[in-house]
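Chemist: no letters, just coordinates:
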Ligand code: PHE
């Protein structure tokens, strides 16, 4: 009988060795679980041996039982340890696979391919500068009444200024009135003053239309209107606002500006403003040189215009200006032909367009 015990104990030792080595070589959690089931599961080898205890003689049963229990424990502990190791390894490899390198450049796609049109970018730059000076933004429609575009602005029917505007007219309505594609953003002055009481400090950007086309004129272009009305607003304020605007927009310490006497029916006195620049090769330098480009018209709001919106010209006065957005964009970013702005040529847009993240701010530099 001693033999049987020894034989059984040898088998047990071999079994333990075999189980421990398959635990050690289990390469993942699923393989480890197979080993556990094969050893400790209902039909597992150790469980089978437990069942056989009953058929042994009582004295053998005790020592054999203890031996099996000991194997059961050591195998259980080994499985537990191996499980921890495998779990840690599985986590580590997942972390390694799912790692995101945040220093990589963004994927090519809409964000990398798309461009902001220079007109949109420059309009944002202009908002930023005037917002800083306390202006708010007003808007009006592209299709205007004859009254807002002309009559209220002191341009009565048959006034010669109507011819100068190369207006696109709509067919007359049954009542004889005709709508127009607005020839300037000045009708937004009228809309704003009819809707609000002074003080007023607005800019009004938008598309305007004139039947005209060459290298510096397109039938549709963009303006920003400015209007300030208060009790003591004077020409000095107008000059200061325009100078501050030009310095901030062109990002120069000083800018050469020329205020030329001019005529608009809706301002008195009226001026046109040119900005001085030098052309060095392909580069345009603002604040140097002796070339001039007209960028805006301006003046003190005509008393008749104030009367037309029921403001008392004895109490209120102010200034207005109309700035050509396309003109200042051409100057600032050195784009020689205005027609290219509207040709939708992808090569031009890639070259002159802006990335969506280039958001103009005064703090970071308007065109940083
Ligand atoms: N509306 C004028 C134009 O388009 C510009 C302007 C605006 C002039 C406001 C004076 C005051 O030419």
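Modeler: Done, it's in. Small disclaimer: the values here were computed from a predicted structure and weren't measured.

Chemist: run through the residues that contact residue 65.
Modeler: Listed by C-beta atoms under 8 Å, 6 or more residues apart in numbering, the contact set of residue 65 reads residue 53. Glycine gets a C-beta too; all of them are placed from N, C-alpha and C.

Chemist: shaky segments in the stretch 51-200 of the chain?
Modeler: Low-confidence segments of the stretch 51-200 of the chain (pLDDT under 70): 106-111, 164-165.

Chemist: need the residues of it near the ligand, please.
Modeler: With C-beta under 6 Å from any ligand atom as the criterion, the stretch 51-200 of the chain meets the ligand at residues 184, 186.

Chemist: which residues in the stretch 51-200 of the chain form strands?
Modeler: 136-137, 143-145, 179-181, 200-209 (DSSP state E, counting those that start in this stretch).

Chemist: identify the bridge partners of residue 143.
Modeler: Per DSSP bridges, the residues bridged to residue 143 are residue 181.

Chemist: check contacts around it.
Modeler: 170, 179, 180, 181, 182.

Chemist: how far away is it from the ligand?
Modeler: 17 Å (C-beta to the nearest ligand atom, to the nearest Å).

Chemist: tell me how far that residue lies from residue 182.
Modeler: According to C-beta to C-beta, to the nearest Å, residue 143 stands 7 Å off from residue 182.

Chemist: rewinding a little: of the contacts of residue 143, buried ones?
Modeler: 179, 180, 181, 182 (16 or more other C-beta atoms under 10 Å).

Chemist: pick the one among the residues you listed closest to the ligand.
Modeler: Distance to the ligand, by C-beta to the nearest ligand atom, is smallest for residue 182 among these, at 9.6 Å.

Chemist: who are the neighbours in contact with the residue nearest to that closest one when sequence neighbours are not counted?
Modeler: Closest residue to residue 182 apart from its sequence neighbours, by C-beta to C-beta, 6 or more residues apart in numbering: residue 144 at 4.2 Å. Residues in contact with residue 144, defined by C-beta under 8 Å, 6+ apart, are 179, 180, 181, 182, 187.

Chemist: would you turn those into a markdown table with distance to residue 216?
Modeler: Shown next, in a markdown table, are the contacts of residue 144 (distance: C-beta to C-beta, whole Å):
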| residue | distance to residue 216 |
| --- | --- |
| 179 | 28 |
| 180 | 23 |
| 181 | 20 |
| 182 | 20 |
| 187 | 24 |
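
Chemist: look up the closest residue to residue 90, ignoring the ones flanking it.
Modeler: residue 29 (6.7 Å).

Chemist: how close does the one you found get to the ligand?
Modeler: Residue 29 is 77 Å from the ligand, by C-beta to the nearest ligand atom.

Chemist: pLDDT at that residue, what is it?
Modeler: If you check residue 29, the pLDDT there is 91.

Chemist: neighbours of residue 335, how many?
Modeler: For residue 335, the count of nearby residues is 17 (other C-beta atoms under 10 Å).

Chemist: mind listing what the nearest residue to it once chain neighbours are set aside touches?
Modeler: With C-beta to C-beta, 6+ apart as the criterion, residue 335 has its nearest non-adjacent residue at 5.9 Å, and that residue is residue 352. Applying C-beta under 8 Å, 6+ apart to residue 352 gives the contacts 118, 333, 335.

Chemist: now, which of those residues lie within helices?
Modeler: 118, 333 (DSSP state H).

Chemist: would you map the helices across the protein?
Modeler: 2-25, 29-40, 45-52, 58-97, 110-113, 118-132, 146-149, 161-164, 187-195, 235-250, 303-308, 325-333, 346-352.

Chemist: CSV for those helices, including distance to residue 258?
Modeler: Below are these laid out as CSV (distance: least, C-beta to C-beta, whole Å):
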stretch, distance to residue 258
helix 2-25, 89
helix 29-40, 81
helix 45-52, 102
helix 58-97, 66
helix 110-113, 42
helix 118-132, 21
helix 146-149, 28
helix 161-164, 22
helix 187-195, 24
helix 235-250, 11
helix 303-308, 25
helix 325-333, 14
helix 346-352, 27
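
Chemist: longest strand of this structure?
Modeler: Taking DSSP state E as the criterion, the chain has its longest strand at strand 267-280.

Chemist: what angle do it and helix 325-333 make?
Modeler: On the basis of axes from the mean of the first three to the mean of the last three C-alpha atoms, to 10 degrees, strand 267-280 is oriented at 30 degrees to helix 325-333.

Chemist: what comes up buried for strand 267-280?
Modeler: Under 16+ other C-beta under 10 Å, the buried positions of strand 267-280 are 267, 270, 271, 272, 273, 274, 275, 276, 277.

Chemist: now swap in stretch 131-144 and tell me
Modeler: 135, 138, 140, 144.

Chemist: pretty sure the first one is touching residue 199, no?
Modeler: No - at 11.6 Å, residue 135 and residue 199 do not qualify as touching, with contact defined as C-beta atoms under 8 Å.

Chemist: close to the ligand: what parts of the stretch 201-350 of the chain are there?
Modeler: 264, 267, 297, 298, 299, 320, 321, 322.

Chemist: by neighbours, which of the residues you listed wins?
Modeler: residue 320 (26 neighbours).

Chemist: my guess is that one contacts residue 226. True?
Modeler: Yes - using C-beta under 8 Å, residue 320 is in contact with residue 226, at 6.3 Å.

Chemist: so what sits against both of those two?
Modeler: Common neighbours of residue 320 and residue 226 (C-beta under 8 Å, 6+ apart) are residue 298.

Chemist: contacting residues for the residue of the chain found nearest the ligand?
Modeler: Nearest to the ligand in the chain, going by C-beta to the nearest ligand atom, is residue 322, at a distance of 2.8 Å. Residue 322 is in contact with 184, 185, 186, 223, 224, 225, 226, 296, 297, 298, counting by C-beta under 8 Å, 6+ apart.
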